[in-house]
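**Student:** Provided below are the primary sequence and the corresponding predicted coordinates.
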Amino acid sequence: CGFIMLSKHVINAALILLAVVPACTTAAPQTGEPNPPQWPPTVRVFKPTDTDIQDTINAAYAVNGGHTPGNHGQFSTARYAFLFAPGTYTADVPVGFYTTIHGLGETPESVVFSGDKGVFCEEGDYEFDVGALDTFWRGAENFRHNGTAQWMGNTGMLWAVSQAAPLRRVIVDGDLSLYEYEPPYQGAGYSSGGFLGNSEVKGRVFAGSQQQWFSRNSAVGKWVGGVWNMVFVGCTGGVLPSGCNATWTPSPYPGSVTNVPSTPTIAEKPYISISPSGLYTLNVPPVRTESQGPDWSSGRTVDFSRVYVGNNETDTAATLNAKLASGLDVVLAPGIYNLEAPLQLVQQDQVLLGLGMATLIPANGTAVIEVGAVDGVHVAGLLLQAGPKKSNTLLQWGVNGSAVAGDATNPGVLSDVFARVGGPESLAAGDAEVSVDTVFQISAGNVIIDNTWLWRADHDAGGSIDDSRNPSLHGMIVDGDHVTGFGVAIEHHLQDNLVWNGEDGAVYFFQCELPYDVTQDFGDKGYVGYRVASSVQRHIGAGLGVYHFFRDNAVTVNTGISVPPSVVPSIENAVGICLDGKGDMQHVLNDCGANTVKGTRQVAYCCKDGPPPPTPAPPPPPSPVPPSGWSPTGCTGLPPTDDDEFRKNSAIVVGTVMETVPGMRFCLDCIGRCFEQEAGKCVAINFNSTGTGPSAVGVCTHFSSVASVTSGSASNTAVVAGKSIPHE
């Protein structure tokens, strides 16, 4: 993501050396690896009684976070993991780049953040047209948050992020805000997330300016808002019902909502816990089928005497492979690992878990991870990065060219494994290009991909990337059968971004940006964001989005998603979006969905029931109605699901344009879209970010013959035909 080019600064910050303070130094007699382990300086374990927690957190954030400049630390070499032993903490914990937060309890209830802000993530840049678009590569998991901070008027937790920034296994006692508006900036920062998994939010989730979002096995009090593509799988509580813009006219909801009631098969990400005596355990949660809501079962437990802790300062591929070959599980401490050979997982049920966005780079043009023909392997919490010598792939799961069926009752699982081709280098400064043919090659069957982002960088530390440099042909090729993806984002690769050759595959949420820097040759060769091979008979796709921003050349592509006719009935809700730039995309899914092009049509949908029906003729315009029916807390007469909570704030997001008629009344939703109210119904109207001055936050447009409606952040009122009408 990130079609706005951002920082051109190279961050060459040194690691802050953090004292290793285990929760307890008592160790049980053992003959294997030490327990407690010898954590390197990039890991810090806190106890509630520690007095330097805030200073340590702030020091790391000064390196990998903050807003001076915007997105400070985006390409830093520093990596951090902060582990919190059971107890209550009052520190505020901002989460910057390459930083992960881990509660060490057996369940999230064991570690509680009760400070004002608790664990939180701000957007990387307060300028609204940058916002959180580049807020990547961080994570937080396994704790309870009951902070009392107010974020845009909502009490609870802020997690304003885009891709590769998962929030897992958490309990939020209040609200969860997934976007940020920082006055006096013009509006809410754009955001392009995101992933929420195996969590409980007791209050409301405000999606705000999130272009898209994926939630799995989570319970929420109420979900509010979103823009283009919201997908829920196995979620409970007040989540949005399924629906698609083309069949919801008018609608106050996001353009496309896909709600799958249960998760077919999943095994949650492995995690670390600590006992009262200070001994560590690696927990591998069990496989669940047709599941709903969160589950915090620990599953299979592995004493750390059977776990090797890797250190990038001392370990090589050879030393790590020796530990793996001996049957140990491996936890990689934060750091950048330049590997002379792939890490090889050839033992059933083996675990490779990274902390602090541990980063693996091939030194010799190989893969960095190879998984053999074994079942039940878990790979999690890693960032894979292409090197200067071209690799065929960065991750090889199964034997390429040889079908490995796998085991449906003991699938392999990738959790929070991300990859990038380019970024930290500066091509403008003369750094060497990096390249890979296919980032992920999935050759085995019965593999689950749970949250991934495979990014060919559109910008690096020196600026924009152009002329198809740092080449990567495909984000992922799936040859195995019965492979499932939950939360798959793949961007900017130079040919088909995703190629699916296996049978009985499924993808629940897909987000793709086509490459910015290609020529018409990309369109002439028929490349797409999502391709299912013509030989495939059975494949499920739910909540699929392909976007285009042909920045450098006018490119026309026929479609964003290509599937054989047998698969079309199994695709539920697809969206095509023109972000900006030149050229166009003529269809969304095969020949379904309208053309998207700048200035004409930003968004087009292809809904499950096929192309949208013709738009009916509008009713006769009503007579103008004075605004006497408005209450101080917002609009009146709205459906129960569209109460004042839905319109609480007045930040900006660009949503879907819908036609209007004269004489209607207006209100604002929580993400700033203007609404018309007639006969107790609200109709969404585009809210363009064209306001000027420190107090103006935008202007409602696309009216037929009524006065423009302006909302000002200073007065927090809507102005209709010159009359000021307060709203909550």
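**Tutor:** Ah, there it is.
**Student:** Contact partners for Val567?
**Tutor:** Contact analysis of Val567 by Cβ atoms under 8 Å, 6 or more residues apart in numbering lists 532, 536-539, 541. For every residue, glycine as well, the C-beta is placed using N, CA and C.
**Student:** In strands only, show me those.
**Tutor:** Using DSSP state E, the members of those that fall within strands are 532, 539, 541.
**Student:** quick one: pLDDT of the nearest residue to Asn321 once chain neighbours are set aside?
**Tutor:** Of all residues not flanking Asn321 in the chain, Gln344 sits nearest, at 5.5 Å (Cβ to Cβ, 6 or more residues apart in numbering). Note for Gln344: predicted pLDDT of 98.
**Student:** Surely Gln344 forms part of a strand?
**Tutor:** Yes: remark: Gln344 belongs to a strand, assigned using DSSP: H, G, I helix; E, B strand; the rest coil.
**Student:** from now on call the first residue 9
**Tutor:** Noted, 9 is the first residue going forward, which turns the last one into Gln352.
**Student:** Let me see the contact set for it.
**Tutor:** Shown in contact with Gln352 (Cβ under 8 Å, 6+ apart): 329, 332-333, 378, 380.
**Student:** hmm, 10 Å instead?
**Tutor:** For Gln352, the contact set (Cβ atoms under 10 Å, 6 or more residues apart in numbering) comprises 325, 328-329, 332-333, 358, 375, 377-380, 404.
**Student:** now do Val385
**Tutor:** Applying Cβ under 10 Å, 6+ apart to Val385 gives the contacts 353-360, 377, 379, 405, 418-422, 452, 455.
**Student:** Which residues does the residue nearest to Asn329 form beta bridges with?
**Tutor:** Glu378 (DSSP bridges).
**Student:** The closest residue to Glu131 other than its chain neighbours: what's it in contact with?
**Tutor:** Setting aside the residues directly before and after it, Glu131 is nearest to Ala140 in space (Cβ to Cβ, 6+ apart), at 3.8 Å. By Cβ under 10 Å, 6+ apart, the residues touching Ala140 are 9-10, 79, 129-133, 167-170, 173, 186-188, 196-202, 216-218.
**Student:** Among those, which ones are in strands?
**Tutor:** Cross-referencing the contacts of Ala140 against strands under DSSP E gives Gly216.
**Student:** just checking, what packs against the helix ranked longest in the chain?
**Tutor:** When the chain is parsed with DSSP state H, its longest helix is helix 61-72. Using 3 or more Cβ pairs under 10 Å, 6 or more residues apart in numbering; DSSP states H and E as the contact test, the elements touching helix 61-72 are strand 51-54, strand 88-92, strand 101-102, strand 107-111, strand 359-370.
**Student:** For Pro192, the count of nearby residues, please.
**Tutor:** 12 (other Cβ atoms under 10 Å).
**Student:** quick one on the thing from earlier: next, the angle strand 359-370 makes with the longest helix of the chain.
**Tutor:** 30 degrees (axes from the mean of the first three to the mean of the last three Cα atoms, to 10 degrees).
**Student:** Go ahead and measure how far helix 61-72 is from the middle of the chain.
**Tutor:** Here the centre of helix 61-72 is set off from its chain's centre by 24 Å, with Cα atoms, centre = their mean, to the nearest Å.
**Student:** Tell me what angle it forms with strand 88-92.
**Tutor:** Here helix 61-72 points in a direction 160 degrees away from that of strand 88-92 (the same axes, to 10 degrees).
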